[in-house]
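Peer 1: here are the coordinates; sequence isn't available:
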RNA sequence: GGCUCCAUAGUUCAAGGGAUAGAACAAAAGUUUCCUAAACUUUAGAUCCAGGUUCGAAUCCUGGUGGAGUCACCA
């Protein structure tokens, strides 16, 4: 039982005995630094139930706690705040418990609880991953890890949009301008190669529109009737009809793209437990459109199109199948969701990591699934995040203003290298070791920078200036971790001996550290319930700041007393291990030296 | 125009309805015989506006202002 729970019960008892009132909850907060005390009970909060002067109520409770709780050493009341001082023995004992727990803060999944499926990335197969995908991937991966740490079984997945006109555009351009280029013949990553043809298609398309307009065709008409576009549409029809050549080319080019993506994912450090392809699930979606029609969830219009009327729920009517019988975007999403539950019967809920421009789409999707009668439809969550904009404005792939994911990762490593060289760090390391470290540091900077921000908020990303290595950044935290490892390497005494709680009073800085460490499990749970890696990031930073202050103010290895040395090394070590665990939830590695 | 999201120091981010709104970067000043100075310490600086609810509001409600997104038989 945590201190807070214990105190909570005792405060309730105090109120019950003294005022004959039964409290349901007691409100706690950390005591502000300018007051003495370790934990604070907000008396204001109980004024609704307990009549009287808040200060007197506080005094009464305080006195009761002094008598009845061995952990309470003292108290003071300021306005409606009851500040409680906790005994040193409690801290030492509490810390000894934390120390023994190797997976501190992490909860083992319970067998009977339903699993959660987390979807993220979900790229189109016609162009490489860019900065927007980076935020998506980092968020999705991190939320999956956080959910795992909070005790859930988690499956990571993605839906690959491998079907549609956009792929045909790249295919057509490759056939026409490709000269049989392959990733092997050009040395290009497969996704880059295919992306180049997407651009080439667009250039040719624009040229054709121009010449049509010159001939007097209206712009609108020209956009629709440009020969190259019509040919791409013809190709899509052939694909849907299963034309052998088209399907073979489609498979070949998709394979290139997947190879390229795999490399980028590996570099980013994200992975998936299962993959879904749109080309496999859209048909199932259509089956359930038929099912919904039977149930009366959907209705067919005269032209054959199928709609879901959501006006009673305050939304619009939504089309779920075209008049020609083909699937739309949402049809496929319905199918994919159902397919996933079929494949993984232990899944009881899903998290969709998709940008906030699709907020409306997901409210509609979730509502439709609920109307179709699936019990798991109540446990769907759209992990919606803001766009990543550049100082120059929005990223547009056709205008060449995208920040490529691979380039970005490489640049980060290069920046890390430049800064490390300048500071003269890492002397005596082999070149491969250095390169590996630069990558870890560069990625740490990038990931932390993106994840520390509330997902809902839009990020303005300046590739040149956005990445710092000082202050509230990944490298700063990595650096602290590395420094602690250095302390441990130099400790030439047995620091694993647990100290006797009654024999030691704590230095204020030590106490602060223990307090900060004790918060970690709660932070993990909050981050999981709010789907927010930012909570973990900011907590880790606070912990590291607390440590740095401690490091600067007390001597660790140079302390006179052996007991002091032992507990201080233990504290440092635990800080490092919590940092490591916290960062593992963000997908960031921590180096032993830097 | 309807709906959704956002608005906090010069800048980038914090703040479960609670005390004097916290950090970092940038600016100014200081700290290395000692465990990694990518550090630490100090100074200066902010809740878009107007109402309301509350003992108490950056936070909740209403109305503005500014920005973004969305309102396709696109995905």
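Peer 2: Received it, and whenever you're ready, just let me know what you need. The model shown is predicted, which means the values in this text are computed figures rather than measured ones. Residues are numbered from 1 along each chain as shown, chains lettered A, B, ... in the order given.

Peer 1: What's the local residue count around the residue in the stretch 351-500 of chain A that RNA strand B sits nearest to?
Peer 2: Of the residues in the stretch 351-500 of chain A, the one nearest RNA strand B is residue A:471, at a distance of 1.8 Å by C-beta to the nearest atom of the strand. For glycine as for every other residue, the C-beta is placed from the backbone atoms N, C-alpha and C. Residue A:471 has 9 neighbouring residues, counting by other C-beta atoms under 10 Å.

Peer 1: go on, the one 4 residues further on?
Peer 2: Taking other C-beta under 10 Å as the neighbour definition, residue A:475 ends up with a count of 26.

Peer 1: low-scoring stretches of the stretch 101-250 of chain A, by residue?
Peer 2: Low-confidence segments of the stretch 101-250 of chain A (pLDDT under 70): none present.

Peer 1: Name the helix or strand for the residue of the stretch 351-500 of chain A closest to RNA strand B, please.
Peer 2: Secondary structure assignment for residue A:471, by DSSP states H and E: no helix or strand.

Peer 1: Give me the contacts around stretch A:80-91.
Peer 2: A:3, A:7, A:31, A:35-44, A:47, A:54-55, A:58, A:61-62, A:65, A:70-77, A:501-502, A:504-506, A:510-511, A:514 (C-beta atoms under 8 Å, 6 or more residues apart in numbering).

Peer 1: and if we set it to 7 Å?
Peer 2: Stretch A:80-91 has contacts (C-beta atoms under 7 Å, 6 or more residues apart in numbering) with A:3, A:31, A:35-44, A:54, A:58, A:61-62, A:65, A:71-76, A:501-502, A:504-506, A:511, A:514.

Peer 1: ok, now stretch A:27-47?
Peer 2: So stretch A:27-47 is in contact with A:4, A:7, A:11, A:15, A:23, A:26, A:54, A:57-58, A:61, A:76, A:78, A:80-86, A:515, going by C-beta under 7 Å, 6+ apart.

Peer 1: Quick one: end-to-end length of that stretch, please.
Peer 2: Using C-alpha to C-alpha, to the nearest Å, the end-to-end distance of stretch A:27-47 comes to 12 Å.

Peer 1: just stretch A:293-312 next, same as before
Peer 2: End-to-end distance for stretch A:293-312, by C-alpha to C-alpha: 18 Å.

Peer 1: can you check stretch A:318-338 too?
Peer 2: By C-alpha to C-alpha, the extent of stretch A:318-338 from end to end equals 19 Å.

Peer 1: Give the rounded mean pLDDT of that stretch.
Peer 2: The average pLDDT within stretch A:318-338 is 91.

Peer 1: For that stretch, what is the distance to the chain centroid?
Peer 2: Relative to its chain's centre, stretch A:318-338 lies at 29 Å (C-alpha atoms, centre = their mean, to the nearest Å).

Peer 1: check whether it contacts RNA strand B.
Peer 2: Yes: using C-beta under 7 Å from any atom of the strand, stretch A:318-338 reaches RNA strand B at A:319, A:322, A:323, A:324, A:328, A:329, A:332.

Peer 1: Give me the contact list for that stretch.
Peer 2: So stretch A:318-338 is in contact with A:159, A:276, A:278, A:281-286, A:288-289, A:298, A:303-308, A:310, A:350, A:361, A:364-365, A:368-369, going by C-beta under 7 Å, 6+ apart.

Peer 1: Among those, which lie within helices?
Peer 2: When the contacts of stretch A:318-338 are checked against helices (DSSP state H), the matches are A:278, A:281-286, A:288-289, A:361, A:364-365, A:368-369.

Peer 1: Format those as a markdown table; extra columns: pLDDT.
Peer 2: Output for those, formatted as a markdown table (pLDDT from 0 to 100):
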| residue | pLDDT |
| --- | --- |
| A:278 | 89 |
| A:281 | 89 |
| A:282 | 84 |
| A:283 | 85 |
| A:284 | 91 |
| A:285 | 92 |
| A:286 | 91 |
| A:288 | 94 |
| A:289 | 94 |
| A:361 | 95 |
| A:364 | 95 |
| A:365 | 96 |
| A:368 | 95 |
| A:369 | 96 |
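
Peer 1: Buried among those? Make that a ChimeraX selection.
Peer 2: The ChimeraX command for the buried members of these (criterion: 16 or more other C-beta atoms under 10 Å) is given here:
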select /A:278,281,282,284,285,286,288,289,361,364,365,368,369
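
Peer 1: ok, and which of the ones in helices among the contacts of stretch A:318-338 reach RNA strand B?
Peer 2: A:278, A:361.

Peer 1: Filter the contacts of stretch A:27-47 down to just the buried residues.
Peer 2: A:7, A:11, A:15, A:23, A:26, A:54, A:57-58, A:61, A:76, A:78, A:80-86, A:515.

Peer 1: returning to what we had before: show me just the buried residues among the residues of stretch A:318-338 next to RNA strand B.
Peer 2: The buried subset of these (16+ other C-beta under 10 Å) comprises A:319, A:328, A:329, A:332.

Peer 1: Quick check: helices, which of those are part of them?
Peer 2: Using DSSP H, these in helices are A:329, A:332.

Peer 1: Redo the buried ones among the residues of stretch A:318-338 next to RNA strand B as a markdown table? Include distance to residue A:382.
Peer 2: As requested, those are arranged in a markdown table below (distance: C-beta to C-beta, whole Å):
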| residue | distance to residue A:382 |
| --- | --- |
| A:319 | 20 |
| A:328 | 19 |
| A:329 | 15 |
| A:332 | 16 |
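
Peer 1: Just checking the helix or strand hosting residue A:445 against RNA strand B, any contact.
Peer 2: Following DSSP H and E, the helix or strand that holds residue A:445 is helix A:431-451. Yes: interface with RNA strand B: helix A:431-451 contributes residue A:441 (C-beta under 7 Å from any atom of the strand).

Peer 1: Averaged pLDDT, the next helix or strand after that helix. What do you get?
Peer 2: Of the helices and strands lying after helix A:431-451 in sequence (DSSP H and E), the nearest is strand A:459-460. The average pLDDT within strand A:459-460 is 88.
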